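Trainee: turn this into a structure:
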Amino acid sequence: MIFGYARVSTVEQNTAVQFEAFLRAGVSNVYEEKRSAVKHRPVLDDLLQRVGPGDVLVVYKMDRLARSLSHLLDVLALLEARGASFRSLTETIDTHSAAGRLFMQMLGSFAEFERALIRERCMAGQAAARARGQTWGRPRAMARELESEVVRLYLSGWYTMGVLAEMFEVNEMAVKRAVHRVIRPGSASLK
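Mentor: Next comes the predicted model:
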């Protein structure tokens, strides 16, 4: 049996181009997955359990299947152990032949190298953004200057966290976090 495996990295992306290529190649039994290659992929795992002797696993592009050369080699070894083979539609790779297996390993190495370069560029971009003062995540509910005032009022003993949250128009958790930054849990009574 011929199995197709179509994958995109996010739910927003679609596999239409891959499905069209599978139809042109005569592959009708296609498994679809919408997950990043670095995450656990249950559809791929299920598909790899189904393949058996004489079966062929077909992908649109090799990078749709494996996240690294070592992962690619693991998948190929599993297919070989089960008596199945692998074929890529865009890279014209077919592991029935020794030349196809060699070419597959070379392409896997290049794909892994490309991902490493992309990761290095992303990390360099993030470091440059941090150096410019860019931050990520949700903005603070309360400015640092207000936090010190909130903590001072809380420590006076006259105000509860709930009252302070209403006074400063923030969530009570924002007050609690501000107090916890100054007072370590267990060193003072927190209400």
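Trainee: Provide the secondary structure category for residue 57.
Mentor: Recorded secondary structure, residue 57: strand (DSSP: H, G, I helix; E, B strand; the rest coil).
Trainee: can you get me a residue count around residue 7?
Mentor: 23 (other C-beta atoms under 10 Å). The C-beta positions use only the backbone N, C-alpha and C, and glycine is treated the same way.
Trainee: what is the mean pLDDT for the top helix by length along the chain?
Mentor: The residue-count maximum for a helix in the chain (DSSP state H) belongs to helix 98-131. Averaging pLDDT along helix 98-131 yields 85.
Trainee: tell me which residues of it come out buried.
Mentor: 100-101, 103-104, 107-108, 111-112, 115 (16 or more other C-beta atoms under 10 Å).
Trainee: ditto for stretch 160-176
Mentor: 161, 164-165, 168, 170, 174-176.
Trainee: is it possible to get CSV of these that adds distance to residue 66 and pLDDT?
Mentor: Formatted as CSV, these follow (distance: C-beta to C-beta, whole Å; pLDDT from 0 to 100):
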residue, distance to residue 66, pLDDT
161, 51, 90
164, 54, 89
165, 50, 89
168, 52, 87
170, 47, 89
174, 45, 88
175, 49, 89
176, 46, 89
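Trainee: what two of those are the furthest from one another?
Mentor: 168 and 176 (12.5 Å; C-beta to C-beta).
Trainee: so which residues of this structure form strands?
Mentor: 2-8, 29-34, 56-59, 85-88, 93-94 (DSSP state E).
Trainee: mean pLDDT and distance to residue 43 for those - can I get that in JSON lines?
Mentor: Converted to JSON lines, the strands of the chain look like this (pLDDT from 0 to 100; distance: least, C-beta to C-beta, whole Å):
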{"stretch": "strand 2-8", "mean pLDDT": "90", "distance to residue 43": "8"}
{"stretch": "strand 29-34", "mean pLDDT": "89", "distance to residue 43": "4"}
{"stretch": "strand 56-59", "mean pLDDT": "92", "distance to residue 43": "13"}
{"stretch": "strand 85-88", "mean pLDDT": "88", "distance to residue 43": "17"}
{"stretch": "strand 93-94", "mean pLDDT": "74", "distance to residue 43": "21"}
